[in-house]
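Trainee: I would like to see how this sequence folds:
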Amino acid sequence: MELRTEVNFFDNKFLMFVLDQMAYELDKQNPDNKVIRMTLGKSELPLHPDIIKSMQDATGDFSKSSLVFPGGLPELKEKLSSYYKEQYDVDINPNNFIISTGTSAIFRNLFYILSQKGDEVLLPTPYYSLYRFSALLSGADIKYYKIDPCTRRMDMDSFRENFTEKTKIVVINTPGNPLGNVLTDDELYEMDRIVDGKAVIINDEIYSNTYFDEKNKSVMQLKNTKSVFITTNAFSKAYRMYSKRVGYCIVPDELVDPLTVIQHHTLLTVDPVVQYGALTALDYPEEVEKLVELYKDRRNYTVEKFRNNQLVKVINSEGGFYITLECKDFMDKHNYKDSLELAKRIIETKRVATVPGSDFGLPTTLRLSFSTSRYKEGIDLLVDFFNGGAS
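Mentor: From the prediction side, this is the model:
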């Protein structure tokens, strides 16, 4: 069978899932010595009992479990509007929220609507692989601007150089995945000045409620911008509803119908049961605060444990679910050809699963997810590996 696409699916595997599958296979072989998984951004903490109960109640109530709203439950849209008012003091019409199955499908749909072959999209480096893959599916040409891993600051010169008259979409991600970098208001306003309304800026703020060192913020708080900002977010991270797949985007009026109609035909509806769980989740901000403090402590533990390692550098994370190790010096010394080879060696010898940085455009790094109850044990094993137990 001939695939009518230029996308090379083999070369675009998400290595995060490759390593997670390796962990699964190793666990089957030796269930008494399970792999410590620092792979998925899926919290190890269970859902709050009231979230579970609301989904159980909705499952048992046919009038709720059978609801079909292609753009999302009206109650959830209204509550999200109230949430943004309370949290960020911004007024957003409930109609401008589109609910979908996580944010991945939203990105795919937005890229389909807003770009095509011959257009350009401008992505950050490092990037979450979804952005790049969505561009591949739309056929758009991909250009990049840089986030400096050392300073975690945006390289504005690279942004200016790569933003052109062909650019239709700019993607930002703050706090970022994998670096945990946070864009400043000055950076955001300068970006808007350069774009000047000539492209749409899509902000992935799925980690907007997991800031470690400063108060949470949203791009929706920016004032008097010239460009259209679209925000995507979800209940997958701080609300711990990863596998429930409830995401949303905030879009201008002219995109409400196109996105909803796409979901008419390709989605029909997000399960109303999990949407009722999301409604309840918004009532428990203290659950988010608990998770943030836990992951901040794990961030600090990682920085301290690697402080004296001369070959591996920790890139400090300001928020999100991850921290990144720069391993170039170690890889050069021990002749590792890429981060996938390094990650495979670690999982085989230390039974710790990490994510190769090549998933994100950082080929000499490893991304570690905070979301395992054995996180500190995993860090200790990684320190041992990099301090000489690498053979």
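
Trainee: what helix or strand is Leu325 located in?
Mentor: Under DSSP states H and E, the secondary-structure element containing Leu325 is strand 322-326.

Trainee: next: Ser236.
Mentor: Of the helices and strands defined by DSSP H and E, none includes Ser236.

Trainee: residue contacts, the spatially closest residue to it that is not a sequence neighbour?
Mentor: Nearest in space to Ser236, with sequence neighbours left out and distances taken as Cβ to Cβ, 6 or more residues apart in numbering, is Tyr242 at 4.5 Å. C-beta: built from backbone N, CA, C; applies to glycine. Under the criterion of Cβ atoms under 8 Å, 6 or more residues apart in numbering, the contact list for Tyr242 reads Leu40, Gly41, Lys42, Ser43, Ser236.

Trainee: 7 Å instead, please
Mentor: Lys42, Ser43, Ser236 (Cβ atoms under 7 Å, 6 or more residues apart in numbering).

Trainee: roughly how far apart are it and Ser208?
Mentor: For Tyr242, the distance to Ser208 under the criterion Cβ to Cβ, to the nearest Å works out to 16 Å.

Trainee: could you do Ile98 as well?
Mentor: Using Cβ to Cβ, Ile98 is found at 17 Å from Ser208.

Trainee: for stretch 342-350, which outside residues touch it?
Mentor: The contact list for stretch 342-350, computed with Cβ under 7 Å, 6+ apart, reads 19, 22-23, 26, 35, 327, 331, 336, 352-354, 356, 366, 381-382, 385.

Trainee: go again using 10 Å as the cut-off
Mentor: 15-16, 18-19, 22-23, 26, 35-39, 325, 327, 330-331, 334, 336, 338, 352-358, 364-367, 378, 380-382, 384-386, 389-391 (Cβ atoms under 10 Å, 6 or more residues apart in numbering).

Trainee: list buried residues within the residues you listed.
Mentor: Judged by neighbour count, with 16 or more other Cβ atoms under 10 Å as the criterion, the buried members of the contacts of stretch 342-350 are 15-16, 18-19, 22-23, 26, 35-39, 325, 327, 330-331, 336, 352-358, 364-367, 378, 380-382, 385-386, 390.

Trainee: can you tell me which of those residues are in strands?
Mentor: With strands defined by DSSP state E, the entries of the buried ones among the contacts of stretch 342-350 inside them are Ile36, Arg37, Leu325, Val352, Ala353, Val355, Pro356, Thr365, Leu366, Arg367.

Trainee: do you know how far Asp119 is from Tyr88?
Mentor: Noted for Asp119: a distance of 31 Å to Tyr88, by Cβ to Cβ.

Trainee: wait, I meant Lys79
Mentor: Lys79 sits 15 Å away from Tyr88, taking Cβ to Cβ as the criterion.

Trainee: of the two, which one has the most company?
Mentor: Remark: of Lys79 and Tyr88, Lys79 carries more neighbours, 19 against 16, as counted by other Cβ atoms under 10 Å.

Trainee: okay, that one: pLDDT?
Mentor: Predicted confidence (pLDDT) at Lys79: the value is 98.

Trainee: got the contact list for Val274?
Mentor: Neighbour list for Val274: Ile51, Ser54, Met55, Ala58, Thr101, Phe235, Met241, Ser243, Lys244, Arg245, Val246 [criterion: Cβ under 10 Å, 6+ apart].

Trainee: let's verify it: helix, strand, or coil?
Mentor: Three-state call for Val274 (DSSP: H, G, I helix; E, B strand; the rest coil): helix.

Trainee: over to Leu122?
Mentor: Secondary structure, three-state DSSP: Leu122 is strand.

Trainee: Ile201: how many residues sit nearby?
Mentor: Ile201 is flanked by 22 other residues according to other Cβ under 10 Å.

Trainee: what is the helix ranked longest in the chain packed up against?
Mentor: Using DSSP state H to assign secondary structure, the helix with the most residues in the chain is helix 285-305. Contacting helix 285-305 under the criterion 3 or more Cβ pairs under 10 Å, 6 or more residues apart in numbering; DSSP states H and E are the following elements: helix 74-88, strand 313-315, strand 322-326, strand 365-369, helix 375-386.

Trainee: and with 8 Å instead?
Mentor: Applying 3 or more Cβ pairs under 8 Å, 6 or more residues apart in numbering; DSSP states H and E, one finds that helix 285-305 makes contact with strand 322-326, helix 375-386.

Trainee: would you pull up how far the first one lies from the middle of the chain?
Mentor: Just to be clear, that refers to strand 322-326. Relative to the mean C-alpha coordinate of its chain, strand 322-326 is positioned 14 Å out (Cα atoms, centre = their mean, to the nearest Å).
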